[in-house]
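Novice: Have a look at this prediction, sequence included:
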Amino acid sequence: MDRQQISRLAHARHPIAAPLADESVARLLDRAMAGTEQGLALDLGCGEGAWLLRALAAGPGWRAVGVDLDAAALTRAREVATALGVVRRIGLHHLDAREFSSKERFDLVLCVGATHAFDGLLPTLAAARELLPPGGRLLVGEGFWQCEPSRAALDGLGAEREDFADLATTTDRVLADGWTPLFGHVSTEQEWDDYEFSWTGSLAEWALDHPDHPGAAAAREAADRHRTGWLHGYRGTLGFVTYLLRRDRGE
């Protein structure tokens, strides 16, 4: 069972692939789309299109483009868009987000929980810069250290200390790169717990329901390993912040 399939199963009941409650997602999109009845949004690493589908539902005058390497996730996004009656307003591209380019500029670019596709936050900001017009907005989500990570936390994440910084340093790096935060949301412990229990529980439940599937053992092992890494490692250590950003004037 490949990583993409495991991720799809794990997010079956939490389609937003980040520790964000539905209310937080709605509030972030409301701020990101405020004052714009018509617009064009792009999600780099869109998965099943959860962010874009919610944006299209909230903004009848908006159009959207999603980019992802998971063909099955894009198929699911298209199916849901059809069921919601918004499929004519969304374009989906089976492509590495780093390879996406467009002559058209986007009013809103999203990359929440997918900055690893660009090898980190600052390269993600650089990619978004090329896709936004003056005044365009970026909604980007990134991890940060809530406290100094222990060896168990690093092992649980499969990370190194330098992969993240604390919240203040992370924000300073965004500012130094020529971006102004317009809004931000730091995920709560409840949002984290809901996300992690949903991730591991959905995957484990699928394995229980499909005992004869050749991938059942791998799915259960992935759920157990993830749960252990979280509860015995990075719970309370890794935070998550979602910024709404605009480029500084003149940038």
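Specialist: Yes, it's here.
Novice: didn't Asp43 look like it was pressed against Trp51?
Specialist: Yes: under the contact definition of CB atoms under 8 Å, Asp43 touches Trp51, with a separation of 5.4 Å. Backbone N, C-alpha and C define where each C-beta goes, glycine included.
Novice: any residues in contact with both of these two?
Specialist: Taking CB atoms under 8 Å, 6 or more residues apart in numbering as the contact rule, the neighbours common to Asp43 and Trp51 are Leu110.
Novice: how about the strands in this protein?
Specialist: All strands of the chain, identified by DSSP state E, fall at 38-44, 61-68, 90-94, 108-112, 137-145, 179-186, 238-247.
Novice: Same list, those, but as TSV with distance to Ser7 and mean neighbour count please.
Specialist: What follows is the strands of the chain, written out as TSV (distance: least, CB to CB, whole Å; neighbours: other CB atoms under 10 Å):
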stretch	distance to Ser7	mean neighbour count
strand 38-44	15	23
strand 61-68	11	23
strand 90-94	16	18
strand 108-112	14	26
strand 137-145	16	24
strand 179-186	23	16
strand 238-247	17	21
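Novice: can you count the residues close to Ala117?
Specialist: Applying other CB atoms under 10 Å, we find 19 other residues in the vicinity of Ala117.
Novice: no no, Asp2
Specialist: Residues near Asp2, counting by other CB under 10 Å, number 10.
Novice: I'd like the distance between it and Asp70.
Specialist: Taking CB to CB, to the nearest Å as the criterion, Asp2 is separated from Asp70 by 9 Å.
Novice: Can you give the distance of stretch 205-215 from its chain's centre?
Specialist: If you compare the mean C-alpha spot of stretch 205-215 with that of the full chain, they lie 27 Å apart, counting by CA atoms, centre = their mean, to the nearest Å.
Novice: Ends of that stretch, what's the gap?
Specialist: 13 Å (CA to CA, to the nearest Å).
Novice: who's in contact with it?
Specialist: Residues outside stretch 205-215 that contact it (CB under 8 Å, 6+ apart) are Met1, Gln5, Leu9, Ala12, Ala216, Ala217, Ala219, Arg220, Ala223.
Novice: For Arg13, see how far away the nearest residue to the fifth one once chain neighbours are set aside is.
Specialist: Spatial nearest neighbour of Ala216, chain neighbours left out: Ala207 (4.6 Å); criterion: CB to CB, 6 or more residues apart in numbering. As for Ala207, its distance to Arg13 is 15 Å (criterion: CB to CB).
Novice: Check Asp248 too.
Specialist: With distances defined as CB to CB, the gap from Asp248 to Arg13 amounts to 39 Å.
Novice: swap in Ala204?
Specialist: As judged by CB to CB, Ala204 and Arg13 stand 12 Å apart.
Novice: re the thing from before, burial count for the residue nearest to Ala216?
Specialist: Number of residues near Ala207 (other CB under 10 Å) recorded here: 21.
Novice: Check Trp192 too.
Specialist: When counting by other CB under 10 Å, one arrives at 20 neighbours for Trp192.
Novice: burial count for the nearest residue to it once chain neighbours are set aside?
Specialist: In space, and not counting its chain neighbours, Trp192 is closest to Pro19: 4.5 Å by CB to CB, 6+ apart. One way to gauge burial is a neighbour count; for Pro19, by other CB under 10 Å, it gives 26.
Novice: Got phi/psi on Pro19?
Specialist: Here the main-chain torsion angles of Pro19 (degrees, to the nearest 10) amount to phi -80, psi 70.
Novice: hang on, the earlier thing: now render the contacts of stretch 205-215 as TSV, adding distance to Leu175, pLDDT and neighbour count.
Specialist: Compiled in TSV, the contacts of stretch 205-215 are given as follows (distance: CB to CB, whole Å; pLDDT from 0 to 100; neighbours: other CB atoms under 10 Å):
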residue	distance to Leu175	pLDDT	neighbour count
Met1	41	85	17
Gln5	39	94	15
Leu9	38	96	21
Ala12	37	95	15
Ala216	47	97	16
Ala217	47	97	12
Ala219	42	97	23
Arg220	44	97	17
Ala223	39	98	23
